[in-house]
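In: how would this look folded up:
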Amino acid sequence: RIITWEEILTADPDILVLSPCSASPARTLSEIHLLASTSEFWKMRCVQRGNVYIFDHGCFSRPGPRLIEGVEMMAALFRNILPMEQDRSRLYE
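Out: Below is the predicted model of the structure:
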């Protein structure tokens, strides 16, 4: 189902993760103006604090090693730390 802006604003998320299916992070970044053009987007606390992140959907859409990497990236983001064995350069490819 499609959730409404009212539901999103009521939830008032701490972090917004954008990971559209079939869209690369570069494409998502180039199209973020579509979200930013709505007043509701700017009402979210996470947006006001700069806690909006774009993840490659490939890290979450298929079972396998990339799923583990995706979960580790998200855990690092949520805890504001990186796993010691994780190579930072790979997180932002």
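
In: mind checking the longest helix of the chain?
Out: helix 65-79 (DSSP state H).

In: Could you list the buried residues of it?
Out: 69-70, 72-74, 77 (16 or more other C-beta atoms under 10 Å). C-betas here are computed from N, CA, C, even on glycine.

In: Throw those residues into TSV and include pLDDT, thanks.
Out: Output for those, formatted as TSV (pLDDT from 0 to 100):
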residue	pLDDT
Glu69	87
Gly70	87
Glu72	87
Met73	85
Met74	87
Leu77	83
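
In: mind showing which ranges of this protein have poor pLDDT?
Out: 81-93 (pLDDT under 70).

In: Now do the helices in it.
Out: Under DSSP H, the chain gives helices at 5-11, 25-30, 33-36, 39-43, 45-48, 65-79.

In: how about a markdown table for those, with distance to Gly58 added?
Out: Listed next are the helices of the chain as a markdown table, based on distance: least, C-beta to C-beta, whole Å:
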| stretch | distance to Gly58 |
| --- | --- |
| helix 5-11 | 24 |
| helix 25-30 | 10 |
| helix 33-36 | 21 |
| helix 39-43 | 25 |
| helix 45-48 | 23 |
| helix 65-79 | 6 |
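
In: Leu18: which of those helices is closest?
Out: helix 25-30 (5.6 Å; C-beta to C-beta).

In: Bridged to the residue at minimal distance from the centre of the chain, which residues?
Out: Note on the chain: the residue nearest the mean C-alpha position is Val17, at 1.9 Å, using C-alpha atoms, centre = their mean. Applying DSSP bridges to Val17 yields these beta-bridge partners: Tyr53.

In: which ones are touching it?
Out: Neighbour list for Val17: 53-55, 74, 77 [criterion: C-beta atoms under 8 Å, 6 or more residues apart in numbering].
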